[in-house]
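# Okay, here's the prediction I keep looking at, along with the sequence it came from:
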There are 4 protein chains.
Amino acid sequence: MAFGLVDSLATTDALSAIFSDGSLLQAMLDFEASLASVQAAAGVIPQRAADAIRAAATADAFDAEAIAREARESGTIVVPFVKALTAHVRAEDSESATFVHWGITSQDVADSAMMLVLKPARTVLAADHQRLERLLRELSDRHARTVMLGRTLLQPAPPITFGLKVAGWVAAIARSWKRLDAAFESALVLQFGGATGTLAALGDRGPATADALANRLGLGTAGAPWHTQRDRLGALVAASGLYCASLGKMARDIALLMQDEVGEVSEPGGGSSSMPHKRNPAGCAIALAAATRTPALVAAFLSGMVQEHERAVGGWHAEWPSVAAVVQSTGAALASMTHVIGGLEVFPERMRSNIERTRGVVFAERAMMLLAEAAGKEIAQDVVERALHESRAKERTFREALVGIPQIDSLLSAEQLSSIDSPEEYLGVSEVLRVRLLSE
Amino acid sequence: MAFGLVDSLATTDALSAIFSDGSLLQAMLDFEASLASVQAAAGVIPQRAADAIRAAATADAFDAEAIAREARESGTIVVPFVKALTAHVRAEDSESATFVHWGITSQDVADSAMMLVLKPARTVLAADHQRLERLLRELSDRHARTVMLGRTLLQPAPPITFGLKVAGWVAAIARSWKRLDAAFESALVLQFGGATGTLAALGDRGPATADALANRLGLGTAGAPWHTQRDRLGALVAASGLYCASLGKMARDIALLMQDEVGEVSEPGGGSSSMPHKRNPAGCAIALAAATRTPALVAAFLSGMVQEHERAVGGWHAEWPSVAAVVQSTGAALASMTHVIGGLEVFPERMRSNIERTRGVVFAERAMMLLAEAAGKEIAQDVVERALHESRAKERTFREALVGIPQIDSLLSAEQLSSIDSPEEYLGVSEVLRVRLLSE
Amino acid sequence: MAFGLVDSLATTDALSAIFSDGSLLQAMLDFEASLASVQAAAGVIPQRAADAIRAAATADAFDAEAIAREARESGTIVVPFVKALTAHVRAEDSESATFVHWGITSQDVADSAMMLVLKPARTVLAADHQRLERLLRELSDRHARTVMLGRTLLQPAPPITFGLKVAGWVAAIARSWKRLDAAFESALVLQFGGATGTLAALGDRGPATADALANRLGLGTAGAPWHTQRDRLGALVAASGLYCASLGKMARDIALLMQDEVGEVSEPGGGSSSMPHKRNPAGCAIALAAATRTPALVAAFLSGMVQEHERAVGGWHAEWPSVAAVVQSTGAALASMTHVIGGLEVFPERMRSNIERTRGVVFAERAMMLLAEAAGKEIAQDVVERALHESRAKERTFREALVGIPQIDSLLSAEQLSSIDSPEEYLGVSEVLRVRLLSE
Amino acid sequence: MAFGLVDSLATTDALSAIFSDGSLLQAMLDFEASLASVQAAAGVIPQRAADAIRAAATADAFDAEAIAREARESGTIVVPFVKALTAHVRAEDSESATFVHWGITSQDVADSAMMLVLKPARTVLAADHQRLERLLRELSDRHARTVMLGRTLLQPAPPITFGLKVAGWVAAIARSWKRLDAAFESALVLQFGGATGTLAALGDRGPATADALANRLGLGTAGAPWHTQRDRLGALVAASGLYCASLGKMARDIALLMQDEVGEVSEPGGGSSSMPHKRNPAGCAIALAAATRTPALVAAFLSGMVQEHERAVGGWHAEWPSVAAVVQSTGAALASMTHVIGGLEVFPERMRSNIERTRGVVFAERAMMLLAEAAGKEIAQDVVERALHESRAKERTFREALVGIPQIDSLLSAEQLSSIDSPEEYLGVSEVLRVRLLSE
């Protein structure tokens, strides 16, 4: 099994398989087998050894649990892994066993294997992102004219369109994806340095071997080994955290809009074990959980970047759980929000009626601007405050209250007055901005 | 399997078993079965139902992977878990199925199950702590008189005893354990509140049921449900982080002392996959890795504590991975350091020769104090600086340089001079403090 | 000035004064002057020197900006501070200057000064906490019978009382304060160890000097110096973070209840620079901002606890900003929430009408329990789902829909039916729990 | 004064001035004055008003402390700031006061002012970065042939060149700077959206006003307001954290190399208040302190990114302290490391003698490779282990021990044997990699 109940909300089926023991073992095996092939092709080791290593490189034959247990003695899974691989090769062909893991170091295997695992993770994230982005673009277009309350500090404010709100979401995740994708591009590079990063054990054949191996594994090449310079991977982790935060913002908005008292949207949601009437924002909960955890996971990675000399004691050993968790959490949030948006119900009438429920007081700013232009801010403030007070005291709309103020005719035109609380008249450049955000 | 390669250095055999799917499922099953028993005893549900639920409550019969997968739809593993348990009971006795999960809510199960899992985790940590504390006390006693350099900002400073250094470690972990143990004591309480924490579905039988259930499960009782008040669990997580930090400090000291150039101690360590000559501080690396990650895991938990109303959307859903990770990481650090201390080699001669290597300049402070008392700080500074300069320039010891300064006989006695660089004479109250630390 | 615009929401008047340059300088001066007095009393230094040092120990005479600037060269403010103090003393009495900072080390001054600063901070927090706790207890008592919706995952759920909700808040902050106060008690200890913590420069007079000095400064004594064992201070920082998280939870609840669409409470709030109609939850915003930042500040401190040997390179130097920020942020959140609760308006009618707005569907759980008891869970589910569907489809209340179901009379009594959606009848043991929480 | 003692190691003179009250106030004033000018030019407000606002826009005339205090009531410094500015304008020309802050919202001012403050911060960082990069390039070139021990897990390993180590540092900070600079470029954009980000109060003149204003202030333009989409600023904060981590890695290396027992480099350092002989790695301590704190500050920012709707309650209010702290900390680390590298002493003889001190055991890997090629891994392991044992037991060099092994002549050539422990012969492609890193 590839994932556990404790982490069940913090991953997806696809990603948990990618970070599973089998997948990670296979990545390490692919690295060793490809290295052997490349070295055989260059005449460094016998072809027969390469063949034997390739033949032994099947994850199923390895006992992940035993390797994990031994790792806690040597401080890395690579030591027991190489021992096990060597034993497997030796069982078939003892001479070939000499050439397992030829001239390299543990971290070369471990880092490269993590890159091989991150590669399909990127593909999974990319596919989900593209689907989510498309769904959001459609949603935004569909609601280009759907008016709703703007809300600031959770209080009603002048109206916006739902299309604009959605466009804000989509532009943010588009920017965040662009950053994350670029970070993947630069981080997915081979690790290949030998004991201290000089490739000394390979004489002068190191760089050529590295190039051939990277090519074979479908990884990029770094200018040099990066055993203790972890900034590329750190940038990937941070970009994942940023993406997840953008998803979290969207999830919080939806969870808030889905409150029964607001009722403007509804996600597909999940049921309750005790309350038959409920539809919970379960998808948003998963995304918000991810956004709660990822900032700290980013910090854990950054904290570990202060690594000693040519190979660290501790900082490096701290990385894997954080990298795996941040990518899986981001993926869980992304999958959840794709599900949420794919099944989102939107209630435009409720959006409109929520504006009306405010009795138009959210247009006080508008009145303020018009009145200040006509008579200066002091008079404007006085008039608006009187109207707001009237509106509250007598349960009238802000417009009615305004109309009732004696000198109002000298300050505002009949047309200004009659449309003062029309949401469509006070959307500013919502549509201009919406289009801009979608075409960023 | 209970743990994965990605997290292999971040747990132990014992703890990974405790947080495994089987263990967690069994904890949830124990909760439901015990609830049914308690409710049957109180006449709330039929005894037959309780028996049927108990009979079905065997983790092996459940498909953890399927539950985890479905959890991603409902936002909690409890919904698919209750569904699966109900199906199991129904298969044997359809009427009894009605009484599964009677009157309670998902979070009651999930939180209580986590407490049931944390209970044996506490026992594991306690045993390791006690072993480590004992080992350290012995080590400190053994080296009560072993002199070594004090080191400040990684530079040589006046001497201490190794026994004092170890006493500092042991006092810190003893304090940290006391905090952590107390935090466990107050956190390990039943969760039992029903939908909104009023136990309304159980009429007025709620509190009595809670008491009986807590008693049966061996958990404490909270005054009231704590669905969104997570401070007790947060205090446990924070205390675990503090304990881990104390272990990290010890690990860093040892890794530094084990540097070949220092060579004052050596941990059992681990080998290298490429360098036959090496003994790596593998145990320290695991502890330092834990200390790198746990601060952020604490932060992740604290960030999630801002939970909405009677049940949170996201904050709660973020908890399990952090709780499981911080406890397991702390346990990994603890087990590693117990192994490290249990096998620690100490080289007192090297400690002494490292003092001598400084040519006595670490006693400049001592000379400064004696000279200032005799002649004021300005003269003292002048004399000491001249001696330091001489010592460096002519590769003589600080004492020799001091003796060579013309007016020195009028300032320091022959006895003072001859013993100026004797470590044993400049240990201050090291032994007093060591004894105090051990008897804290 | 003691605080800056950038941090204006992250402190209070009182706390910013406590952590100001003047306050910190005076704390360092008090330490040095008291040390001199104690040493003079013990005959270690001349009384005249002690008098001269005391006379120079006035913060106003020092240039904090210059000290801060020089600190960036020596890595600690204590080096330029001692230089400046020595110069001040020398200006009056050159011989006495010798005895400034006699036999101790920079960190003794810096750590002890921070403790002297934290002492009044504790007093400020305690006073605010007590006021807040009292206000909350009164609020809870006042609303012991005020029914409102429980809300889980931001969705309506069976009712609670507002008194119970408030009791949950107060119990959490009471527990959190108890933890924080205990952490202050154990952390507020003198630092006094000399260069490497052996007090060697003071011969055997170190411990007695430490006791007398601690007594004079009103600080506790640690068993031994704690230059690189920072767990006591870490526990204080963590407890502050936990307290702040409890405040954040309360602030989020209030900000959510204050949404116009919910409208159940209103905090005194703040106005808007552009929208005349608005009352923003400004107090909650400040508390939530603090709860957003403090988890990370706790992590920063914990990360720095892995300190090298007898004095750290970096970890210690990282502490002050985190300690000052976490205490001030907690204080800001506390002062804000005291203001919020002190001026909180509560709207019980709105609470009741929000229950009614749900048309009674939040009582579906209740119906479910009664029906399951009568006829088993399957029939119960069927009936409840039909009633929920009817209620939605025909805009009838859940009760009306239930009554309309053919076989209902055989399942529920008339009395059960008529009171099925009465909040008062479905509060479970709310009041029992409320009283328990208040008497914890 | 612009900075405080508590934060003295966490900033620089230049940056503390940039984030000072005066600087921030002036930025807000520049925003308001430029807005007025732009609006006057477009005929939206009278030119006279613009002139009056410009005339009042001098930071010195404002009471920062009072504004900070009032900010704690309204939840933002902008409300009291606008009030104060309006009062200043009114005092000179009451009609013009109407047009202060015309049509915009608090967050427009606050966010844009922070961007105006970050702009010169970028310039300061850029200058220091360029200086540091240049110094490091020179250092690397100078030591292209200086051999030293590689060190992995703090244990001696095959040799590298100091030039290669430095090239690793410079490539990391160059990449990190590129990221940070790009993040500045995209983040330094005007905020301009009005109450809910639709610019409704400005009718259709919003976008043109925004463009003109951005132009005037020297800021970029975003496609749309970004009141609750904080990813660009988050990316800047994260990139700053990454840069700081790269500096931290360099600082740790240097602090470790500067240990007296290693003694391979020495930074200019700082003195001790008690120990006359000491030179502390004070510059490294400041950088390491920054690297300890910044990961958490990044996390604090990311945690706050989950912002509600059109304007957040809390998340936004949490940002400023984190942004200011992370940039200043990074700047402090950068300035410190520039000072450290500018004055770094390097001791090549010590580097060489530290290799010799290992008696050549770090070349065991080399022997292993040669022997395995000649006779298979098993024989190689046997021979190398025997030689290592001999070397330890008899205090001979590894080469001597190897020569003493009976069958050695049949396995290695005389030339191989005689040069087996020559560092220059076992540098692999160090120089190739060094050149690559410098030309990245």
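Looks like it arrived, so ask away. Numbers count the residues shown, from 1 in each chain, chains lettered A, B, ... in the order given.

# can we go C-alpha only for contacts and neighbour counts from here?
Will do.

# what about the strands in the stretch 251-400 of chain A?
Secondary structure of the stretch 251-400 of chain A (DSSP state E, counting those that start in this stretch): strands located at A:265-266, A:345-346.

# Can you list the strands that the first one pairs with?
With DSSP bridges as the test, strand A:265-266 is paired with strand A:345-346 (antiparallel).

# Kindly compare burial across the strands of the stretch 251-400 of chain A and name the winner.
Ranked by average neighbour count under the criterion mean count of other CA atoms under 10 Å in any protein chain shown, the strands of the stretch 251-400 of chain A are headed by strand A:265-266 at a mean of 21.

# do the strand or helix carrying A:G234 and chain D meet at all?
Per DSSP states H and E: A:G234 is located in helix A:231-257. Yes - between helix A:231-257 and chain D, judged by CA under 8 Å from any CA of the partner chain, the touching residues are A:231, A:234-235, A:238-239, A:241-242, A:245-246, A:248-250, A:252-253.

# near chain B, which of those show up?
Among the residues of helix A:231-257 next to chain D, no residue lies close to chain B (CA under 8 Å from any CA).

# And those, which is closest to B:D260?
Comparing those against B:D260 with CA to CA places A:D231 closest, at 28.5 Å.

# Which positions in chain A make contact with chain C?
With CA under 8 Å from any CA as the criterion, chain A meets chain C at residues A:153-157, A:255-256, A:258-262, A:274-281, A:285, A:296, A:303, A:354, A:358, A:361-362, A:364-365, A:368, A:381, A:384-385, A:388.

# Using CSV, write down the CA coordinates of stretch A:203-221.
Coordinates of each C-alpha in stretch A:203-221 appear next as CSV, following Å, rounded to 0.1, in the frame of the first residue of the first chain:
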residue,chain,number,x,y,z
GLY,A,203,38.6,9.9,-13.4
ASP,A,204,37.9,12.3,-16.2
ARG,A,205,34.9,10.3,-17.4
GLY,A,206,32.5,11.9,-14.9
PRO,A,207,30.9,14.7,-16.9
ALA,A,208,30.3,12.5,-20.0
THR,A,209,28.8,9.8,-17.8
ALA,A,210,26.6,12.4,-16.1
ASP,A,211,25.3,13.7,-19.5
ALA,A,212,24.6,10.3,-20.8
LEU,A,213,22.9,9.2,-17.7
ALA,A,214,20.7,12.3,-17.4
ASN,A,215,19.7,11.8,-21.0
ARG,A,216,18.8,8.2,-20.4
LEU,A,217,16.8,9.0,-17.3
GLY,A,218,15.0,12.0,-18.9
LEU,A,219,16.4,14.5,-16.4
GLY,A,220,18.2,17.8,-16.9
THR,A,221,21.8,18.3,-16.0
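
# That stretch: how far from the chain's middle?
Distance of stretch A:203-221 from its chain centroid, counting by CA atoms, centre = their mean, to the nearest Å, is 31 Å.

# So which bits of it are buried?
Within stretch A:203-221, the residues that qualify as buried are A:203, A:205-207, A:209-214, A:217, A:219-221, counting by 16 or more other CA atoms under 10 Å in any protein chain shown.

# Check stretch A:113-132 too.
For stretch A:113-132, by 16+ other CA under 10 Å, it's A:113-119, A:121-122, A:124-126, A:128-129, A:131-132.

# Residues contacting that stretch, please?
A:14-15, A:18-19, A:23-24, A:27-28, A:31, A:177, A:181, A:184, A:187-190, A:217, A:219, A:327, A:331, A:334-335, A:337-338, A:341-342 (CA atoms under 8 Å, 6 or more residues apart in numbering or on different chains).

# how does it look with 7 Å?
Contacting residues not belonging to stretch A:113-132 are listed as A:15, A:18-19, A:24, A:27-28, A:31, A:188-189, A:331, A:334-335, A:338 [CA atoms under 7 Å, 6 or more residues apart in numbering or on different chains].

# try stretch A:371-390
By CA under 7 Å, 6+ apart, stretch A:371-390 touches A:361, A:364, A:367-368, A:398, A:401-402, A:411, C:277, D:95, D:98.

# List phi and psi for the residue nearest to A:A201 when sequence neighbours are not counted.
Counting by CA to CA, 6 or more residues apart in numbering or on different chains, A:G103 is the residue found nearest to A:A201 once chain neighbours are left out, at 5.0 Å. Per-residue torsions, A:G103: phi 80, psi 10 (degrees, to the nearest 10).

# Please name the residues that touch A:G103.
A:G103 neighbours (CA under 7 Å, 6+ apart): A:194, A:201-202.

# Can you tell me which of those are buried?
With burial judged by 16+ other CA under 10 Å, the buried subset of the contacts of A:G103 is A:194, A:201-202.

# burial measure for the single nearest residue of the stretch 151-300 of chain A relative to chain C, as a count.
Distances between the stretch 151-300 of chain A and chain C by CA to the nearest CA are smallest at A:M275, namely 5.0 Å. Using other CA atoms under 10 Å in any protein chain shown, A:M275 has 22 neighbouring residues.

# got the contact list for it?
Applying CA under 7 Å, 6+ apart, we find A:M275 in contact with C:364-365.

# separation between it and chain D?
27 Å (CA to the nearest CA, to the nearest Å).

# Which ones among the contacts of stretch A:371-390 also lie next to chain B?
Of the residues in those, proximity to chain B by CA under 7 Å from any CA of the partner chain holds for none.

# Find me the pLDDT at the residue of the stretch 151-300 of chain A closest to chain C, would you?
You'll see A:M275 listed with a pLDDT of 76.

# Against B:T105, how distant is it?
Note on A:M275: its distance to B:T105, by CA to CA, to the nearest Å, is 8 Å.

# A:L188 too?
A:L188 is 45 Å from B:T105, where distance means CA to CA.

# try A:A291
Distance from A:A291 to B:T105, by CA to CA: 25 Å.

# can you check A:I173 too?
A:I173 is 35 Å from B:T105, where distance means CA to CA.

# cool, A:S353 as well?
Separation of A:S353 from B:T105 (CA to CA) stands at 34 Å.

# Of these two, which one has the most company?
Each of A:S353 and B:T105 has its neighbours counted (other CA under 10 Å); B:T105 has more, 24 against 15.

# For the more buried one, give me the backbone phi and psi.
Taking degrees, to the nearest 10, you get phi -130, psi 160 for the backbone angles of B:T105.

# Name the nearest residue to it, sequence neighbours excluded.
For B:T105, the spatially nearest residue (CA to CA, 6+ apart) is B:G194, at 4.7 Å.

# List the contacts of the one you found.
Going by CA under 7 Å, 6+ apart, B:G194 touches B:103-105, B:108, B:201.

# nearest to D:E425, of those?
The closest of these to D:E425 turns out to be B:D108 (CA to CA; 67.1 Å).
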